[in-house]
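# Attaching a predicted model along with its sequence, questions to come.
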Amino acid sequence: MCAMKKTAGYQSKGFTLIELLIVIALLGALAVGLLATIDPFEQLKKGRDTATRNSVSEIYNSLLRYYATKAGFPWAGTAIASSPVYPSMTAYVQTLVDTGELKNKFLDLAGTGNLAKIYISSMTADQVSVCFQPESKSFQADPNTMFDITGGTSSTNCKSGSAGAAGDSCYFCVQ
């Protein structure tokens with residue numbers, strides 16, 4: 001004999017509506033928890049910061065190579081106090097491209113939006129800082145995010161816990 005349960009003439013062959021709703025609610029709660037853990041907007045910000053950091057490193061390294069071969073920076077000894085790469089410094093970046101220190105398509109590949117976030121400072125003839133202000137929490141907590149826009153530090157603390165300008169005015173710099 002079959003072990004199925006009969007209730008008022010009906011056979012129970014599946015799940016009840018309540019059981020299905022409970023399972024759907026549990027899966028929904030797990031999905032919300034997973035999204036909160038991953039935080040897709042933070043991941044997008046981190047990706048943008050990584051791209052900007054890579055551009056900062058490329059510009060900085062190309063400036064050092066240019067300095068090593070030409071005994072000076074492209075701006076020829078003029079002090080530069082935190083000028084954005086785009087549009088202010090585009091001619092100097094083009095000089096780096098023309099001399100082979102940067103790839104031919106660097107300006108196109110980096111993008112004007114990305115380059116507008118990068119600042120170059122050179123207060124002396126033999127010193128340069130290339131900086132950007134990070135959007136993501138992980139880059140804001142990075143030990144290199146302790147500078148002001150010129151690459152100098154101040155007496156208050158950044159989110160990285162290092163000396164630097166206060167909170168939202170802390171910059172990630174390579175110098």
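Structure's in. What do you need?

# Now do the same for the spatially most central residue of the chain: helix, strand or coil?
For the chain, residue 49 is the residue whose C-alpha lies nearest the centre (C-alpha atoms, centre = their mean; 1.0 Å). Assigned with DSSP: H, G, I helix; E, B strand; the rest coil, residue 49 falls in the helix class.

# ditto for the one 3 residues further on
Local secondary structure at residue 52 is given as helix here, using three-state DSSP.

# my guess is it meets residue 116, correct?
No. Between residue 52 and residue 116 no contact is recorded; they are 10.2 Å apart, counting by C-beta atoms under 8 Å. Using the backbone N, CA and C atoms, a C-beta is placed for each residue, glycine as well.

# Which one of those two is surrounded by more residues?
Applying other C-beta atoms under 10 Å to residue 52 and residue 116 shows that residue 52 carries more neighbours, namely 23 against 14.

# ok, that one - contacts?
114, 117-118, 132, 134 (C-beta atoms under 8 Å, 6 or more residues apart in numbering).

# follow-up on the earlier one: find residues that contact each of residue 52 and residue 116.
When C-beta under 8 Å, 6+ apart defines a contact, no residue borders residue 52 and residue 116 alike.

# By mean pLDDT, point me to the weakest helix or strand of the chain.
strand 6-7 (a mean of 58; mean pLDDT, DSSP states H and E).

# Spell out the residue ranges of the helices in the chain.
For the chain, the helices defined by DSSP state H cover 17-38, 40-70, 90-98, 106-110, 112-115, 137-140.
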